[in-house]
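> kindly generate the corresponding structure for this input.
(2 chains)
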Amino acid sequence: GIQVEQSPPDLILQEGANSTLRCNFSDSVNNLQWFHQNPWGQLINLFYIPSGTKQNGRLSATTVATERYSLLYISSSQTTDSGVYFCAVEEGSTSYGKLTFGQGTILTVHP
Amino acid sequence: KAGVTQTPRYLIKTRGQQVTLSCSPISGHRSVSWYQQTPGQGLQFLFEYFSETQRNKGNFPGRFSGRQFSNSRSEMNVSTLELGDSALYLCASSLRQGDGYTFGSGTRLTVV
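Take a look at the predicted model:
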């Protein structure tokens, strides 16, 4: 099956710093999403981005499907950005409902 | 618009018992998927239902089963619980394939 690798595994920042999280995947995908898992376990959808670039406030994401990677940018980080960030992909047309997740990036933002 | 609702939020069960978890998708969403999250294995796909039919299944033993009702609500059942079944169980719903998935808050199951 498809492999999803995220880097870095851990990231520690001071408030106000910028960061880039990377997601590499091993095959073509129908769907790619970035999620933030809050302390209570819920996966909050940040971006649905199988290709192209999107921005939402301080967050933006870019997926280069032909080169099989995606980047999540966090600017002017805040302590509330802390948590685990997951990249997840959905393979071809028969992978109904199956997202394959990376292992996540644990982000800690200090005041 | 209401999100994906999972009940209960927390559950403690004894080894050997069985458990049923519930997931109500976003109104209009007909696809419901289930995932297990553990510290060791990360997030793993269990199965997906669409219009009451299981279309896809992950690599889990037969003790894990599910179903979907005509109103798209889904349940998953784990029989003969083992300590290793302790996990956060998440469900997600989608309008159609390729549309992206929205997750519920999860059910945290502890097996003692």
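> and the residue positioned nearest the centre of chain B, bridged to which residues?
Of all residues in chain B, the one closest to the mean position by CA atoms, centre = their mean is B:W34, 3.4 Å from it. In this entry, B:W34 is beta-bridged to B:F47, B:C91, by DSSP bridges.
> so what's it scoring on pLDDT?
The per-residue pLDDT reported for B:W34 equals 98.
> and it, what does it touch?
Contact analysis of B:W34 by CB atoms under 8 Å, 6 or more residues apart in numbering or on different chains lists B:C23, B:F45, B:L46, B:F47, B:E48, B:G66, B:S74, B:M76, B:Y89, B:L90, B:C91, B:A92. C-beta: built from backbone N, CA, C; applies to glycine.
> go again with 6 Å.
When contacts are counted by CB atoms under 6 Å, 6 or more residues apart in numbering or on different chains, B:W34 touches B:L46, B:F47, B:M76, B:C91.
> ok, and the closest non-adjacent residue to the residue of chain A found nearest chain B?
Nearest residue of chain A to chain B, counting by CB to the nearest CB: A:G97, 2.7 Å away. Of all residues not flanking A:G97 in the chain, B:E48 sits nearest, at 2.7 Å (CB to CB, 6 or more residues apart in numbering or on different chains).
> determine which two of the contacts of B:W34 are furthest apart.
Spatial extent of the contacts of B:W34 (CB to CB) is set by the pair B:F47 and B:C91 at 10.3 Å.
> mind listing the strands for chain A?
Counting by DSSP state E, residue ranges of the strands within chain A are A:4-7, A:10-14, A:19-25, A:31-37, A:43-48, A:52-56, A:59-64, A:69-74, A:83-90, A:100-101, A:105-110.
> check chain B too.
Counting by DSSP E, the segments of chain B that form strands are B:5-7, B:10-13, B:19-24, B:31-38, B:42-50, B:53-57, B:64-68, B:74-78, B:87-94, B:102-103, B:107-111.
> can I get those strands in TSV with distance to A:T108?
Written out in TSV, the entries for the strands of chain B read as follows (distance: least, CB to CB, whole Å):
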stretch	distance to A:T108
strand B:5-7	27
strand B:10-13	26
strand B:19-24	31
strand B:31-38	20
strand B:42-50	19
strand B:53-57	35
strand B:64-68	34
strand B:74-78	33
strand B:87-94	20
strand B:102-103	23
strand B:107-111	22
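> tell me which of the ones you listed is the most buried.
Per-residue neighbour counts averaged over each of the strands of chain B give the maximum for strand B:87-94, namely a mean of 25 (mean count of other CB atoms under 10 Å in any protein chain shown).
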